[in-house]
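1. I would like to see how this sequence folds:
(chains A and B)
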Number of protein chains: 2
Amino acid sequence: MRRISVHASTDYDVLVEHGLLRQCGSLLAGAAVTRHFVIVTDDTVDELYSKDLLHALDMAGCKAECFVFPHGEASKCSGTLLKLYDFLCESGITRSDCLIALGGGVVGDLTGFAAATFLRGIRYIQIPTTLLAQIDSSVGGKTAINIPGGKNLVGAFKQPSLVICDPDTLKTLPGHILSDGIAEAIKYGMIRDPGLFALLDAHNSDNVLPQADEIIARCVTIKRDIVAKDEFDTGERMLLNFGHTLGHAIERHSEFAYTHGQAVAAGMCMLSARTAAPAVTARLIGCVNNYGLPTDYDAPMQELTALCGHDKKRMGGELSYVVCPAIGQGEIRKASFPDFCRMMEESL
Amino acid sequence: MRRISVHASTDYDVLVEHGLLRQCGSLLAGAAVTRHFVIVTDDTVDELYSKDLLHALDMAGCKAECFVFPHGEASKCSGTLLKLYDFLCESGITRSDCLIALGGGVVGDLTGFAAATFLRGIRYIQIPTTLLAQIDSSVGGKTAINIPGGKNLVGAFKQPSLVICDPDTLKTLPGHILSDGIAEAIKYGMIRDPGLFALLDAHNSDNVLPQADEIIARCVTIKRDIVAKDEFDTGERMLLNFGHTLGHAIERHSEFAYTHGQAVAAGMCMLSARTAAPAVTARLIGCVNNYGLPTDYDAPMQELTALCGHDKKRMGGELSYVVCPAIGQGEIRKASFPDFCRMMEESL
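-> Now for the predicted structure:
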């Protein structure tokens, strides 16, 4: 079993092992101080894995109820959150009890925010079942819901008590959801780890799955190291936004026809084309192509930069963005919003 | 000007002075890192004080918009919170901007929770305009909203950047709202400060207002010292709950016909009668009577203790409560829930 220890305001471990989901009962009981859990999941994941998890908890002498909501980003909203609060009240959850987020990023973000706010904070454990959630949203303590004004605009920083990653759960993922995770893995390679980039570059959608352990562990370690220096996202953590400033604009411009991973992949390539040497951009585009991810987005750049202006990473009049002059060497740059627009809008 | 410095995860000052509201523009601009504020208030307070505050901000070169909601506890709900989030989006509030809570506890709790969660946390400043909010809810960083399952069940710990207390605002308070604050002030005297208790005991509803500075400063200092040792409410902060375990039950049993202050006053007297010497209880009852507050609540004790079982302060099977064997000497006691019920239900 791979164990990555995260040191944040609360310390916790990320455990990675095939088949861990079926055997995690005593690990969960050990990380919580209770035998009473509420599992939060969506209808897709519920059908695949709730039974295994309930059985594992039962074997460890724990009781648990399941709160199940319809899958998809539309559920990451105040309506689902309010229903979850009501469910926690009805289940008699106290301050010492614990939530379990079983699923992808939507489940993790929503459950984490509920755990951050119910009774002003109770424990929660993450069992991410998508690659994106395993390498990204399960580490770092960012939780959120969407509101009409935008995605992730309401949230909290809340560290889980434990993260359980079972790469076996990736076998049931649709191809495009696996690719979504790969886009973030490529990002980690670009900003900090040439070896990880080479590993991803040497594989493709059809043969990458046996490498999942290694990829998850490397990504989590990079994120752990960056987050440890900047838990509350005021400095270096910005590195993790490589491709995201433009990516968020692409997601919105496409009215979310582009998934997060697709938008980040295109965002990385488009930003790299304007800020890095052609050889670096060419390798990035080649790797992105291996996984059927887009390398561009067809819209006037002015329309995209206008949407960047709404990004919440913009502090006052200034905008931060990340460039990778070489693979593995992400750097944070700051620019006035007009300067950023000029740079992006220059023809290539 | 009295200045009480609070050392929590974020340090901040509580300032107390007559007429401060009209002159606080530069203080607000200094405590925030922005010139863009959103004032959150209710319709009653809006009519009384928004104009003064907007003028003070204008004089300091700041711009501000007002979010106004209907006064009363019913507004401390997810519906108002969601409208406030939308308002913040429309106002273009960024991470570096600041909210101002202008009003009583409902305004402070709701605004603080919005500040804790919008963009995963932005700054906020408290300008409490009731005695209860000035001495209690403005210090300690507890924020919350009510949900159908109960009061304050959803919230966060979030420290303000500054607290401005202007005792002149108390002159516009209805008598029963002033008494509500006095009940909490008596609690502070009972748990930590015989001098404060004596000051309150020597006055009554009609002549206490000129003492407001002294009362506010003493209460804030006591709360500051207790909270500094226990920011996240896991130990000594429980002292602040003297009268509250039973008080919350009384509020619920009366279907909130008893206000918070009335319920706490009765809760303190009823608990004291069962746990302290008769002379202590007699002094407490005398002081409570000075302010037209109730010293008892007419219901079978079994019905109240049953409601204590729902209190979120109950950790697992155990219940914590506070006794004052002497004035100024609060102590935390723990009991199993059945033992607590037996103690309370014994006839006097």
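2. you'd agree A:Ile39 is in a strand?
-> Yes: A:Ile39 sits within a strand when classified using DSSP: H, G, I helix; E, B strand; the rest coil.
3. Specify the beta-bridge partners of it.
-> A:Cys66, A:Ile100 (DSSP bridges).
4. Contacts only, for it.
-> Shown in contact with A:Ile39 (Cβ atoms under 8 Å, 6 or more residues apart in numbering or on different chains): A:Ser50, A:Leu53, A:Leu54, A:Ala64, A:Glu65, A:Cys66, A:Phe67, A:Leu99, A:Ile100, A:Leu102. For glycine as for every other residue, the C-beta is placed from the backbone atoms N, C-alpha and C.
5. tell me, how many neighbours does the third one end up with?
-> If you count neighbours by other Cβ atoms under 10 Å in any protein chain shown, A:Leu54 ends up with 18.
6. Which of the three states applies to it?
-> Following three-state DSSP, we place A:Leu54 in the helix state.
7. Please verify my assumption that it contacts A:Cys66.
-> Yes: using Cβ atoms under 8 Å, A:Leu54 is in contact with A:Cys66, at 7.3 Å.
8. Of the contacts of A:Ile39, which is the nearest to B:Gly292?
-> A:Leu99 (44.7 Å; Cβ to Cβ).
9. what's the spacing between that closest one and A:Tyr124?
-> The spacing between A:Leu99 and A:Tyr124, counted by Cβ to Cβ, to the nearest Å, is 4 Å.
10. any shared contact partners between these two?
-> Shared contacts of A:Leu99 and A:Tyr124, defined by Cβ under 8 Å, 6+ apart, are found at A:Thr111, A:Ala114, A:Ala115.
11. What are the structural domain limits within chain A?
-> Following automatic domain parsing, chain A resolves into domains at A:2-172, A:175-345.
12. still on that earlier bit, can I get the contacts of A:Ile39 in TSV with pLDDT?
-> Output for these, formatted as TSV (pLDDT from 0 to 100):
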residue	pLDDT
A:Ser50	98
A:Leu53	98
A:Leu54	98
A:Ala64	97
A:Glu65	97
A:Cys66	98
A:Phe67	98
A:Leu99	98
A:Ile100	98
A:Leu102	98
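13. mind putting these in a markdown table, distance to B:Asp339 included?
-> As requested, these are arranged in a markdown table below (distance: Cβ to Cβ, whole Å):
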| residue | distance to B:Asp339 |
| --- | --- |
| A:Ser50 | 38 |
| A:Leu53 | 37 |
| A:Leu54 | 35 |
| A:Ala64 | 29 |
| A:Glu65 | 29 |
| A:Cys66 | 34 |
| A:Phe67 | 34 |
| A:Leu99 | 30 |
| A:Ile100 | 33 |
| A:Leu102 | 38 |
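14. which residues touch the residue lying closest to A:Met1 once chain neighbours are set aside?
-> In space, and not counting its chain neighbours, A:Met1 is closest to A:Glu17: 4.2 Å by Cβ to Cβ, 6 or more residues apart in numbering or on different chains. By Cβ under 8 Å, 6+ apart, A:Glu17 lies in contact with A:Met1, A:Arg2, A:Cys165, A:Asp166, A:Pro167, A:Asp213.
15. The last one: how many residues sit nearby?
-> Applying other Cβ under 10 Å, we find 15 residues neighbouring A:Asp213.
16. And the residue nearest to A:Met1, its phi and psi?
-> Dihedral pair for A:Glu17: phi -160, psi 140, per degrees, to the nearest 10.
17. Okay, now the sheet partners of the helix or strand harbouring A:Arg333, with direction.
-> Assigned by DSSP states H and E, A:Arg333 belongs to strand A:331-336. Strand A:331-336 has the following strand partners under DSSP bridges: strand A:318-323 (antiparallel).
18. Figure out how far stretch A:283-290 is from the centre of its chain.
-> Taking Cα atoms, centre = their mean, to the nearest Å, one finds the center of stretch A:283-290 at 21 Å from the center of the full chain.
19. typo on my end, stretch A:133-140
-> Distance of stretch A:133-140 from the chain centroid (Cα atoms, centre = their mean) equals 5 Å.
20. Just confirm yes or no for it near chain B.
-> No: counting by Cβ under 8 Å from any Cβ of the partner chain, chain B is not contacted by stretch A:133-140; separation bottoms out at 11.3 Å.
21. which residues sit against that stretch?
-> Contacts for stretch A:133-140 (Cβ under 8 Å, 6+ apart): A:6, A:14, A:16, A:103-105, A:107-109, A:126, A:128, A:160, A:163, A:165, A:167, A:170, A:181, A:184-185, A:188, A:215-216, A:219-220, A:223-224, A:227, A:237, A:240.
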